[in-house]
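Asker: output the structure for:
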Amino acid sequence: MINSVVLVGRLAADPEMRYASSGTQITKFRIAVSRPPRAGSDEEQTDWLNVVCFGKTAENAAQYLDKGSLVAIEGRVQSRTWEGQDGKRQYAVEINAFRVQFLETRQEAERRRSAQPSRPEPEPEAEAEAAPPPEALDDVDEQDDPFGDQ
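Answerer: Purely as a prediction, here's the structure:
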């Protein structure tokens with residue numbers, strides 16, 4: 001079986017880094033990825049995908065990426081469930097990235113930042129319900145991550 005994904009997109013917000021109880025860095029962010037227009041339409045569609053990475057990859061992503069950064073992600077699709085604060089079962093699908101490639105230079109990023117007017121972040125549909133509580137990542141076992149600190 002194959003579970004492999006390669007995506008190119010822009011960060012929808014600044015990355016958020018946390019530490020697991022074991023001390024492993026965990027960084028989460030969301031990227032916007034365009035897909036071609038549907039038949040009979042000229043409008044591209046955008047998918048908002050949650051990405052999580054660990055270890056040195058997480059540290060670098062948190063340190064060097066920000067909202068709007070153009071990145072390539074290589075990883076796998078992973079789903080997980082947990083019990084929410086209201087007692088209901090929650091479900092999330094995310095990209096577990098083992099490689100995050102920065103696709104713009106620092107100078108390009110600075111030009112992009114200075115040229116962007118500040119505007120509110122778009123609200124993706126139903127993302128609020130799917131996002132796990134922060135403590136859900138506290139019990140991440142590094143043994144479950146075959147890519148480790150690559």
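Asker: tell me where this protein has helices.
Answerer: Secondary structure of the chain (DSSP state H): helices at 55-64, 106-115, 127-130.
Asker: could I get the ones you listed in CSV, plus columns for mean neighbour count and mean pLDDT?
Answerer: The way it works is simple: take the backbone N, C-alpha and C, and place the C-beta from them, glycine included. What follows is those, written out as CSV (neighbours: other CB atoms under 10 Å; pLDDT from 0 to 100):
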stretch, mean neighbour count, mean pLDDT
helix 55-64, 18, 95
helix 106-115, 11, 81
helix 127-130, 11, 38
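Asker: out of the ones you listed, which comes closest to G87?
Answerer: When the helices of the chain are compared by CB to CB, helix 127-130 sits nearest G87, at 14.2 Å.
Asker: can I get the helices of the chain in a markdown table with distance to A97?
Answerer: As requested, these are arranged in a markdown table below (distance: least, CB to CB, whole Å):
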| stretch | distance to A97 |
| --- | --- |
| helix 55-64 | 7 |
| helix 106-115 | 19 |
| helix 127-130 | 18 |
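Asker: closest to P36 out of these?
Answerer: helix 127-130 (22.6 Å).
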